[in-house]
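In: Everything below, folded, please.
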Amino acid sequence: MNTINSSNFLLPNIADKLCSYQKERVSLMINDFIEINKQMDSYHFEYCPKCGAYHPVLVKAGKTKAGKQMLKCNACNKRFVCDHGQLTFYSHQSQAKWNDLIIQTQNGNSILKTAAKINVNEFTAFRMRHKYLHFIEVMEYPIQAYERD
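Out: Numbering: from 1, shown residues only. The predicted structure follows:
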């Protein structure tokens, strides 16, 4: 992923007042917004996650506080976020933090190391890792529908 230098977007008098951590945060936020826009251009729903309509007609319906694109189904008039059903659904963490967590988990690093690397609380890193491992389990072993006799 290309990282954008936030100083290109900040006015010089504002950039001088920010510390390096704040400049880095601005840069990560800009990269996340660009990544969300790229995903939105190529994201496709075969079924509406709310009503189950096949090939729903979806229109843009605003953005969340976190900047995620909201969509509205014309069949049921309900809104949902474009990452509904994905790993980052209902998460306040950036895509970059999720990517780092996945790498740290696959390398077998501890929760404490992972939390320090992605700059979150240990309990947040634990919940994120739990969600990631559960997501992998569901993808690898989908629940089989049973037949009633």
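In: Give me the domain ranges for the protein.
Out: Under the assignment automatic domain parsing, the domains of the chain span 1-42, 43-83, 85-139.
In: export these to CSV and tack on mean pLDDT?
Out: What follows is the domains of the chain, written out as CSV (pLDDT from 0 to 100):
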stretch, mean pLDDT
domain 1-42, 69
domain 43-83, 83
domain 85-139, 88
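In: and those domains as JSON lines, adding mean neighbour count?
Out: All C-beta spots, glycine's among them, are computed from the backbone N, C-alpha and C. Listed next are the domains of the chain as JSON lines, based on neighbours: other CB atoms under 10 Å:
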{"stretch": "domain 1-42", "mean neighbour count": "13"}
{"stretch": "domain 43-83", "mean neighbour count": "14"}
{"stretch": "domain 85-139", "mean neighbour count": "15"}
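In: Run through the strands of this structure in chain order.
Out: Using DSSP state E, the strands of the chain run over residues 58-63, 69-73, 79-81.
In: Which neighbouring elements make contact with the shortest one?
Out: Under the contact criterion of 3 or more CB pairs under 8 Å, 6 or more residues apart in numbering; DSSP states H and E, strand 79-81 touches strand 69-73.
In: again, 10 Å this time
Out: Strand 79-81 sits against strand 58-63, strand 69-73, with contacts defined as 3 or more CB pairs under 10 Å, 6 or more residues apart in numbering; DSSP states H and E.
In: Compute the inter-axis angle for the last one and strand 58-63.
Out: Strand 69-73 and strand 58-63 are oriented at 140 degrees to each other (axes from the mean of the first three to the mean of the last three CA atoms, to 10 degrees).
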